[in-house]
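In: No sequence on hand, only this structure:
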């Protein structure tokens with residue numbers, strides 16, 4: 001081989017090796033770095049939460065629409081996002097929207113007063129009654145809205161002038177994405193959230209020094225076929241990597257309106273899965289990104305019926321009780337159905353006895369306990385002779401007005417009250433600095449002039465109570481010339497509650 005040919009081959013080999021090693025260097029060392037500058041990393045700890053995750057309600061008014069003044073509304077049983085009342089609850093606020101979806105008809109909202117009990121579940125009651133006629137092309141809507149909170153941790157430093165772009169699923173094929181009416185469409189891909197009230201000032205960003213995020217976010221609300229974006233810029237300082245950042249969309253009454261179920265493929269009880277995208281940028285270069293799934297769903301109505309309750313007990317009290325003061329220490333033991341003063345052998349001396357009344361009720365407006373006697377205590381239950389109702393010491397006392405009764409020569413039969421638990425007794429033995437403030441029992445034999453609510457009421461409360469209790473303190477005394485024999489009458493208690 002000639003020398004010149006060998007030299008040429010040698011130089012060709014050198015050139016090949018030079019090109020090979022240069023290419024290998026670029027491929028193995030430089031290319032990954034070049035590609036990495038344009039390939040966003042995945043945000044970590046990324047999540048979306050809704051303060052109100054309940055799907056909005058959107059149904060169609062039935063083909064036989066109600067007229068003004070009606071209180072019952074029927075809806076279509078097919079072809080809508082909601083085809084029954086399963087996602088409509090008592091106390092929900094609804095309005096009726098015309099086919100143009102231009103806001104509530106007559107700017108009037110109604111409260112769901114009840115879901116009627118029928119097999120197809122397509123009728124509900126409202127209050128107040130309708131103020132306008134409805135049409136078969138109208139919609140029934142009950143918007144559910146609240147804040148949307150996006151949380152994530154960035155992997156790459158966000159520079160001054162860098163941005164966070166949040167893409168909210170709002171696409172809706174009816175091109176009414178931001179009209180304040182819940183959206184519904186034939187599929188999840190064509191459905192989304194309504195951002196009518198989401199403007200600068202109701203979006204906040206925290207983390208990495210809150211004040212270094214701008215407070216005049218840029219909004220692109222999208223439209224038919226596109227989603228809305230919210231752009232938040234970094235100002236004043238960089239945001240270091242590995243920082244927990246929170247973007248809150250909505251504030252107070254300005255919230256994100258949740259979609260209604262889709263019309264074609266929704267299955268009640270199975271959540272609709274929507275995807276929100278959040279990406280950080282340096283100029284047009286994406287730094288970190290994440291697609292975050294979240295799931296609004298139908299609400300769950302939890303209900304229980306609490307029975308109306310009223311418990312009233314009458315109990316006896318043993319002798320030697322002093323609930324109405326030591327001057328009225330009980331001389332005998334009573335039972336729930338008998339107050340037996342026993343043999344009165346010492347005239348002109350008081351004989352005292354007690355019963356205890358206890359009330360429990362869940363009535364919103366509370367309860368009352370009334371008392372009455374069938375007549376004065378008569379010999380053998382007759383009308384005369386009798387132990388009269390007490391006149392008290394002076395005044396005299398009546399079934400309406402109390403007076404001190406502490407003079408043993410003021411003969412008769414009467415009562416006073418003392419609280420045991422609570423403060424429900426209508427008057428007290430110690431009122432007006434008295435030792436035994438007493439009244440007569442309302443006398444049924446004397447008719448309506450005696451048995452009045454004011455005079456007969458001995459316990460009451462304006463609200464629910466549990467174990468409210470009072471003592472009824474009976475007292476009698478007779479003169480030395482009282483005809484002997486068995487004297488008695490009958491006392492009746494009546495407890496009522498106002499629900």
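Out: It's in. This is a predicted model, so every value here is computed, not measured.

In: And residue 95, which helix or strand is it part of?
Out: Using DSSP states H and E, residue 95 maps to strand 93-97.

In: Wait, residue 272 touches residue 188, no?
Out: Yes. The criterion here is CB atoms under 8 Å, and residue 272 meets it with residue 188 at 5.8 Å. Placement of C-beta: from N, CA and C, glycine included.

In: can you list residues touching both of those two?
Out: Common neighbours of residue 272 and residue 188, using CB atoms under 8 Å, 6 or more residues apart in numbering, are residue 262.

In: sorry, back to before: contacts for the strand holding residue 95, please.
Out: Contacts of strand 93-97 (CB under 8 Å, 6+ apart): 57, 61, 88, 103-105, 108-112, 126, 132, 134, 138-143, 181.

In: State the mean pLDDT of that strand.
Out: Averaging pLDDT along strand 93-97 yields 95.

In: do stretch 102-121 as well
Out: 81.

In: quick one: low-confidence ranges for the stretch 51-200 of the chain?
Out: 117-120, 172-177 (pLDDT under 70).

In: Next, give phi and psi for the one residue sitting closest to the centre of the chain.
Out: By CA atoms, centre = their mean, the mean C-alpha position of the chain lies nearest to residue 91, the distance being 10.3 Å. Dihedral pair for residue 91: phi 80, psi 0, per degrees, to the nearest 10.

In: again, but for residue 353
Out: Main-chain dihedrals, residue 353, degrees, to the nearest 10: phi -150, psi 160.

In: Longest strand in the protein, by number of residues?
Out: Longest strand of the chain, by residue count under DSSP state E: strand 465-477.

In: can you give me the helices in this protein?
Out: Along the chain, counting by DSSP state H, helices occupy 3-25, 31-36, 453-456.

In: Any idea which of these has the lowest pLDDT on average?
Out: Lowest mean pLDDT within the helices of the chain: helix 31-36, a mean of 36.

In: Direction included, what does the longest strand of the chain pair against?
Out: Using DSSP bridges, strand 465-477 pairs in its sheet with strand 351-361 (antiparallel), strand 412-421 (antiparallel).

In: Make CSV out of the ones you listed and add mean neighbour count, distance to residue 247 and mean pLDDT.
Out: CSV is the format used below for the strands paired with strand 465-477 (neighbours: other CB atoms under 10 Å; distance: least, CB to CB, whole Å; pLDDT from 0 to 100):
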stretch, mean neighbour count, distance to residue 247, mean pLDDT
strand 351-361, 22, 51, 98
strand 412-421, 22, 55, 98
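
In: I'd like those strands laid out as JSON lines, including distance to residue 262.
Out: Formatted as JSON lines, the strands paired with strand 465-477 follow (distance: least, CB to CB, whole Å):
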{"stretch": "strand 351-361", "distance to residue 262": "49"}
{"stretch": "strand 412-421", "distance to residue 262": "58"}
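
In: wait, which of those is closest to residue 496?
Out: Counting by CB to CB, residue 496 lies closest to strand 351-361 out of the strands paired with strand 465-477; the figure is 9.5 Å.

In: Show me how far the closest one is from its chain's centre.
Out: 38 Å (CA atoms, centre = their mean, to the nearest Å).

In: again with stretch 437-449
Out: 46 Å.

In: Now it: average pLDDT?
Out: Stretch 437-449 comes out at a mean pLDDT of 88.

In: Any buried residues in it, and which?
Out: For stretch 437-449, burial by neighbour count (16 or more other CB atoms under 10 Å) applies to 437-444.

In: can you tell me which of those residues are in strands?
Out: Per DSSP E, the buried residues of stretch 437-449 map to strands at 437-438.

In: Now do the buried residues in stretch 372-392.
Out: 372-373, 375-379, 386-387, 389-392.

In: Between its first and last residues, how far does it reach?
Out: End-to-end distance of stretch 372-392 (CA to CA, to the nearest Å): 18 Å.

In: Give me the contacts around it.
Out: With CB under 8 Å, 6+ apart, stretch 372-392 has contacts from 396-397, 399, 402-405, 410-414, 438, 440-445, 450-451, 456, 475-476, 478, 482-483, 485-492, 494.

In: Pull out the buried members of the residues you listed.
Out: Buried subset of these (neighbour count, 16+ other CB under 10 Å): 397, 399, 402-405, 410-414, 438, 440-444, 450-451, 456, 475-476, 478, 482, 487-489, 491.

In: that older thread, may I see the buried residues of the strand holding residue 95?
Out: Those would be 94-97, for strand 93-97 by 16+ other CB under 10 Å.

In: what's the nearest residue to residue 261 if we skip its chain neighbours?
Out: residue 81 (4.5 Å; CB to CB, 6 or more residues apart in numbering).

In: contacting residues for that neighbour?
Out: Contacts of residue 81 (CB under 8 Å, 6+ apart): 57-59, 182, 184, 260-263, 266.

In: now with 10 Å?
Out: By CB atoms under 10 Å, 6 or more residues apart in numbering, the residues touching residue 81 are 55-60, 87, 139, 141, 182-186, 191, 259-264, 266.

In: How about residue 287?
Out: By CB under 10 Å, 6+ apart, the contact set of residue 287 is 37, 40-41, 43, 154-159, 162-164, 241, 279-281.

In: swap the cut-off to 7 Å and go again
Out: The neighbourhood of residue 287, defined by CB atoms under 7 Å, 6 or more residues apart in numbering, consists of 40, 156, 158, 280-281.

In: next one: residue 59
Out: Counting by CB under 7 Å, 6+ apart, residue 59 touches 75-76, 80, 82-83, 139-140.

In: could I get the residues you listed as JSON lines with distance to residue 150 and neighbour count?
Out: As requested, these are exported to JSON lines (distance: CB to CB, whole Å; neighbours: other CB atoms under 10 Å):
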{"residue": "75", "distance to residue 150": "35", "neighbour count": "23"}
{"residue": "76", "distance to residue 150": "36", "neighbour count": "18"}
{"residue": "80", "distance to residue 150": "30", "neighbour count": "20"}
{"residue": "82", "distance to residue 150": "28", "neighbour count": "29"}
{"residue": "83", "distance to residue 150": "32", "neighbour count": "20"}
{"residue": "139", "distance to residue 150": "30", "neighbour count": "27"}
{"residue": "140", "distance to residue 150": "31", "neighbour count": "27"}
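
In: Cool, thanks, talk later.
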